[in-house]
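Colleague: No letters, just coordinates:
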DNA sequence: TAGATTGTTAATCGATTAACAATC
DNA sequence: TAGATTGTTAATCGATTAACAATC
């Protein structure tokens, strides 16, 4: 088992690594023992050197002439991302978005296990979504402590986001995956990952404007990457 | 009305611009005529020069000693992003995620108007979500053509994503906001913006691994930005 | 061996930060 | 005027790409 490096891995590399996984899993299913950086890069329109750099930066090496051993590659990426051990998460906010995330079956492959949803609305409390119970928010702190849940997924209305985040931190949550558009002010030690739909939409709509208002320009737009 | 530049605006700038908006709207509500780059940058932990560069790149200039006129600033950003004219969108896939997006009231401020949802499931067709009707997917093409809807928001199951995208393009859709984890293969002229939750989760979980497996490291992690 | 592929070192490119003059 | 703030030019930093030697 190779040593996984942790320092010196760039932000962009971390974002690309999970994208490699479906291709690698497909290769494994097809019975391939090795996969070349060229095969990976072709699929994503990347430079093969970039793929090798990504893999080298987490300590995975290939073999000249053969490529990278698929099984080790998958294991290495999973280990680097912490996807080899499931991390448990609570969803705060059992609206449509919270329920959509709770119902998504794919997070298991990404090392995430949603355990329960929380809400303040008595109408919602008690319901079960994809096998996960909607629990009253008053029980949040004690359950975080008892189950040592490290992650809160925030899907409350924007105006409730800061309070919910504060409550989560007070309860001992280590990381917040924030799906609300609210910018949170939290202690530095807390890990916050923002899902910024406004930014994503801005990229889309600014390209659309370029394409429609000045048709000739859209071929010169920066490539999709996010 | 100042001229808005379109070329030479970086990807990161485009992603930051919408984040400035809530602060600017708040300043406007508070009756401020001007806001300085320092005030904006403080709020986000950015360098004030970066804010000025962002604004300069879309052709907005400030006044020494005063800062930037709030009203012009808001107008300029909205115009650059195309948020001054509402773009209409169809949601394909009326599951929890599609319904969550259809029910979100904030897109109007971001120049997006969700007009209807589409699904193949007869159980869902006919229902109304936040005033938007769930329509049978068979009617998609004719409605895109009739209403000249430029944007499709893709919230179908992963395995249905490519087919749905192909259908959208065939119908005349110009841009796809893809919420599925499926990498789409589409003509170059089509604008695709990927909401990549796996990438976002990878950033979160790799930091969490660093923090828990090697506690001393987490202070040296790259800053939040997404 | 020959050739495909990796891994490393240097060059390029782009974005951010630093320094400082210009302005109101 | 003095001082806060902008805008520009240069320096730094980081990520990507190019060139090429090493390897199986």
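Modeller: That came in fine, so what should we check first? Computed from a predicted model, the values in this text were never measured in an experiment.
Colleague: how close does residue A:32 get to chain B?
Modeller: As judged by C-beta to the nearest C-beta, to the nearest Å, residue A:32 and chain B stand 19 Å apart. Using the backbone N, CA and C atoms, a C-beta is placed for each residue, glycine as well.
Colleague: Excluding residues flanking it in the chain, which one is nearest that residue?
Modeller: With C-beta to C-beta, 6 or more residues apart in numbering or on different chains as the criterion, residue A:32 has its nearest non-adjacent residue at 5.7 Å, and that residue is residue A:70.
Colleague: Can you check what pLDDT the model gives that neighbour?
Modeller: If you check residue A:70, the pLDDT there is 96.
Colleague: buried ones in the lowest-mean-pLDDT helix or strand in chain A?
Modeller: One helix or strand of chain A scores below all others by mean pLDDT, DSSP states H and E: helix A:197-213, with a mean of 92. For helix A:197-213, the neighbour count (16 or more other C-beta atoms under 10 Å in any protein chain shown) marks A:197-211 as buried.
Colleague: same thing with stretch A:140-157?
Modeller: In stretch A:140-157, counting by 16+ other C-beta under 10 Å, buried: A:140, A:143-144, A:149-156.
Colleague: anything in that stretch near chain B?
Modeller: Yes. Stretch A:140-157 comes into contact with chain B (C-beta under 8 Å from any C-beta of the partner chain), by way of A:150-151.
Colleague: which residues sit against that stretch?
Modeller: For stretch A:140-157, contacts defined as C-beta atoms under 8 Å, 6 or more residues apart in numbering or on different chains pick out A:87-95, A:97-98, A:101, A:112, A:114-116, A:118, A:135, A:161, A:164-165, A:167-168, A:170-180, B:204, B:208, B:212.
Colleague: In ChimeraX, select just the buried ones from the residues you listed.
Modeller: Here is the ChimeraX selection string for the buried members of those, based on 16+ other C-beta under 10 Å:
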select /A:87,89,90,91,92,93,94,95,97,98,101,112,114,115,116,118,135,161,164,165,167,168,171,173,174,175,176,177,178,179,180 /B:204,208
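Colleague: List the ones among the contacts of stretch A:140-157 that fall in strands.
Modeller: A:87-92, A:112, A:114-116, A:118, A:135, A:175-178 (DSSP state E).
Colleague: Kindly indicate which of the residues you listed lies nearest residue B:42.
Modeller: Comparing the ones in strands among the contacts of stretch A:140-157 against residue B:42 with C-beta to C-beta places residue A:178 closest, at 20.5 Å.
Colleague: and the nearest residue to residue A:201 once chain neighbours are set aside, how far is that from residue A:178?
Modeller: Excluding the flanking residues, the one nearest residue A:201 by C-beta to C-beta, 6+ apart is residue B:110, at 5.4 Å. Distance, residue B:110 to residue A:178, by C-beta to C-beta, to the nearest Å: 17 Å.
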